[in-house]
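S.K.: compute the structure for the input listed below.
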Amino acid sequence: MPETAVEEAKQRVIEAGIRLMETGLIARTWGNVSHRVEGGRFVITPSGRDYRSLTPDDIVTVQISDCSYSGPTKPSSEKGVHAEVYKRFPNAHFVIHTHQEYASVISACNVDAVPIEEGMLAGRVLCGAYALPSTRKLQRNVAKALTRTSNKAIIMKNHGAVCYGASDTEAFEAALELDQACRQYIDDTYKSLTGEQEADAAALSRFALGLGYSSPAPVSRMLYHSRRTKDGFLLFNDSGSELLVRNGELNAALPEEASVYQQIYRKHKQINHIHWSGIPEVALFSQTGQPLKPLLDDFAQLIGTSARNTALSPSEVSAALKSSSAVLIRGMGALCCGVNSDEALAVRMVLEKNSKAHIGAKLLGQVKPIHYLESLLMRFVYLKKYSKQAAVTS
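M.R.: Residues are numbered from 1 along each chain as shown. The predicted model follows:
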């Protein structure tokens, strides 16, 4: 393949990575994209980099046979998963590994496959066995699943999905169809179990969590988001309202969460942004009073071994954030924190997805969090290595 064609493939990979972010199929740098080129090779996104910062020089060329590469830039740590697809399917020219929402939810459930009646993925999409991310065991588990299917997607347990096709368009279509099918599977299960005609998010969550309709509804008030300023912090909401709070100038007219945010900023110098989540799945899970544990790898990495469930209390919330990037506020929702807005938004996206995974797993029969020591290891690696890579810009 001429070098101009390789450069074109690299550009397609960059564009696909940005599209993955824009369509919500990935958060932060989770997920990766590759394109087959001639010579038994493929080009793939680098390890732990923000897709918006990439240039063609950052895209790495990898040998399919042994995943070897040259140059200073490390390819995605999931390059082995991509290689297995290219080995198994000669007509596959584009692979995307996503942490997309509803495929991830299904990945945490006690199911071996998702039946799909029509479309590109008609048949059964298999679930590959769990292994820690970026390991040879995960690569072997994906390879084993690929030998048992000719479909254009597989689900990776407690992780996400791999979708592939003859082109980037086909791979994206597979990813979108997969998420729609996974959501439909969950909704249909709920309707079958309850006799309901619609699968409303709040009603489904109540049913799965065993809350019942007689239990009190979560507090409907949406808390303000916040960001640190030079001499205090700003409160803001999605409708554009803003309140500037200076250090030490709290007053009774401010919303209740202002005192909580002040304590967070005082005690946690690495937290500069706080985003509120009050979607039904998060708010209703918070009502259980239980901590939210990792059912998905990206929760363990970005948030920690659990998100505690506390009252809206400055001391309780601040203490809960010592070992986590998020905290559930009982009967209300969750606070999601980060060093910058992008990280706080990613924490929110991952926490919401993990809440849906817990509810989906409960609906389908069994909630089985990732082992504590595996979660602890993923969190350690993320804090020491991956989060720093994500901040790199070209």
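S.K.: residues in contact with the residue nearest in space to the middle of the chain?
M.R.: Nearest to the geometric centre of the chain sits Val350, at 4.3 Å (C-alpha atoms, centre = their mean). Val350 makes contact with Ala27, Leu296, Asp298, Phe299, Leu302, Ile303, according to C-beta atoms under 8 Å, 6 or more residues apart in numbering. C-beta here means a position set from N, CA and C on the backbone, and glycine is covered the same way.
S.K.: return the residues in contact with the nearest residue to Ser323 once chain neighbours are set aside.
M.R.: Leaving aside its chain neighbours, Ser323 sits nearest to Gly304 (5.6 Å; criterion: C-beta to C-beta, 6 or more residues apart in numbering). Gly304 sits next to Pro294, Ser323, Ser324, Ser325, Ser375, Arg379 when contact means C-beta under 8 Å, 6+ apart.
S.K.: nearest residue to the fifth one other than its sequence neighbours?
M.R.: When the adjacent residues along the chain are set aside, Ser375 lies closest to Ala300, with 3.9 Å between them (C-beta to C-beta, 6+ apart).
S.K.: show the backbone phi and psi for the one you found.
M.R.: phi -60, psi -40 (degrees, to the nearest 10).
S.K.: pLDDT wise, what is it at?
M.R.: Turning to Ala300, the model gives it a pLDDT of 98.
S.K.: break this protein down into its structural domains.
M.R.: Following automatic domain parsing, one gets these domains for the chain: 3-193, 225-390.
S.K.: please, which helix or strand holds the residue nearest to the centre of the chain?
M.R.: helix 341-363 (DSSP states H and E).
S.K.: now do the buried residues in that helix.
M.R.: Residues 342-363 are the ones in helix 341-363 that count as buried (16 or more other C-beta atoms under 10 Å).
S.K.: what does stretch 319-334 give?
M.R.: Neighbour-count burial for stretch 319-334 [16+ other C-beta under 10 Å]: 320-321, 324-334.
S.K.: nearest to His273, of the residues you listed?
M.R.: Ser325 (10.8 Å; C-beta to C-beta).
S.K.: any idea how far Ile359 is from that closest one?
M.R.: As judged by C-beta to C-beta, to the nearest Å, Ser325 and Ile359 stand 21 Å apart.
S.K.: before we move on, what about Lys269?
M.R.: In terms of C-beta to C-beta, Lys269 sits 34 Å off from Ile359.
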